[in-house]
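Engineer: pasting a predicted model and its sequence here:
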Amino acid sequence: MEISLQNQVAVVTGASSGIGSGIAKSLAAAGATVVVNHSSERSAEEAKAVLKEITDAGGKGITYACDVSKEDQVVKMFQDVVSEFQTVDILVNNAGIQKDAKFTEMTIDQWNAVIGVNLTGQFLCAREAIKEFLRRGIDPSRSVACGKIIHISSVHEIIPWAGHANYASSKGGIRMLMQTLAQEYGAAKIRVNSICPGAIQTPINQNAWNTPEALNSLLTLIPYNRIGQPQDIGNLAAFLASDLADYITGTSIFVDGGMTTFESFSTGG
């Protein structure tokens, strides 16, 4: 079986580094034209580097600066992408941030910043994508589905995380957003799923793996005994976006090396 996303356009938010870059490269390798979204001009060079990897490998795409927490910017991004490529077939809602603090010390700005990007940003992008899916309708030359949305959540949509109340709350919210959209738009042949990564080796969690001591401590939580790589998430995203996954919608898929089996209880707790 070959995963093919030929003739399809994918918007990947937060694609200038980490998990987003891995997803963008995997979708491009499967034939999609990829919009490598990044948050600001500060991340423009990283986004260009990701796009260069894609084009050097024979893929296609563009970079696009947009803060997904800002409604006007999200609306314009989708308008511009549709203007350039005629439509959007795939949305990967990946952009996310952390602003960690003990709960009693967490500021409203820290709370709002994380909810704004991680949850409101996913709402705004999904809304604009679904509008475009419904406008275009099903085009069998592109896909048997009307459109595909992949939300990037986390193991922390089900595992509480002390010191990260804003982050864990945003991921729990993503689960309900995803399931509600899958329920509401299933009859329109729009598929909506979540990928829930565990520990993935990216800049956002560098402190958890950048020394042998930190990595060994992290591995005590992972039965499979290795840290994940962005390509692990990208491989699944390409499959979920393809017609091979046409009967999968409304589900969270955990890519975590077994973290959600709670390795600390392997010897009886």
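Structural biologist: Great, that's in hand.
Engineer: show me the contacts for Ile200.
Structural biologist: Shown in contact with Ile200 (Cβ atoms under 8 Å, 6 or more residues apart in numbering): Gly18, Ile19, Ile227, Gly228, Gln229, Pro230, Asp232, Ile233. For the C-beta atoms, the positions are set from N, CA and C on the backbone; glycine is no exception.
Engineer: repeat that for 7 Å
Structural biologist: By Cβ atoms under 7 Å, 6 or more residues apart in numbering, the residues touching Ile200 are Ile19, Gly228, Gln229, Pro230, Ile233.
Engineer: which of those has the most neighbours?
Structural biologist: Ile19 (29 neighbours; other Cβ atoms under 10 Å).
Engineer: give me the contact list for whichever helix or strand that residue is part of.
Structural biologist: Element membership of Ile19, judged by DSSP states H and E, is helix 18-29. For helix 18-29, contacts defined as Cβ under 7 Å, 6+ apart pick out 5, 10, 12-15, 34, 36, 50, 53-54, 57, 59-61, 90, 92, 94, 152, 197, 200, 202-204, 230-231, 233-235, 237-238, 241.
Engineer: what's the longest helix anywhere in the chain packed up against?
Structural biologist: Looking across the chain with DSSP state H, the single longest helix is helix 165-185. In terms of contacts (3 or more Cβ pairs under 7 Å, 6 or more residues apart in numbering; DSSP states H and E), helix 165-185 is packed against helix 108-115, helix 121-136, strand 147-152, strand 190-197.
Engineer: which stretches of the stretch 151-269 of the chain have low pLDDT?
Structural biologist: 269 (pLDDT under 70).
Engineer: try 90 this time
Structural biologist: Along the stretch 151-269 of the chain, segments meeting pLDDT under 90 span 202-215, 262-269.
Engineer: swap in the stretch 1-150 of the chain?
Structural biologist: Those would be 1-2, 40-42, if you go by pLDDT under 90 across the stretch 1-150 of the chain.
Engineer: how would you label Val68: helix, strand or coil?
Structural biologist: Under the three-state scheme (DSSP: H, G, I helix; E, B strand; the rest coil), Val68 adopts coil.
Engineer: pretty sure it contacts Arg127?
Structural biologist: No. Using Cβ atoms under 7 Å, Val68 is not in contact with Arg127, being 11.5 Å away.
Engineer: more crowded one of these two?
Structural biologist: A direct count of neighbours by other Cβ under 10 Å for Val68 and Arg127 places Val68 higher, at 25 against 15.
Engineer: ok, now which ones touch that one?
Structural biologist: With Cβ under 7 Å, 6+ apart, Val68 has these contacts: Thr13, Val74, Ala95, Val117, Gly121, Leu124, Cys125.
Engineer: now do Cys146
Structural biologist: Cys146 neighbours (Cβ under 7 Å, 6+ apart): Phe133, Gly137, Ile138, Ala188, Lys189, Ile190.
Engineer: just the buried residues of these.
Structural biologist: Phe133, Lys189, Ile190 (16 or more other Cβ atoms under 10 Å).
Engineer: name the nearest residue to the first one, ignoring sequence neighbours.
Structural biologist: The shortest distance from Phe133 to any residue other than its chain neighbours is 3.1 Å, reached at Gly147 (Cβ to Cβ, 6 or more residues apart in numbering).
Engineer: which of the three states applies to Val82?
Structural biologist: Val82 - assigned by three-state DSSP - is helix.
Engineer: return the residues in contact with it.
Structural biologist: Val88, Glu132 are the contacts of Val82 under Cβ under 7 Å, 6+ apart.
Engineer: nothing else from me, thank you.
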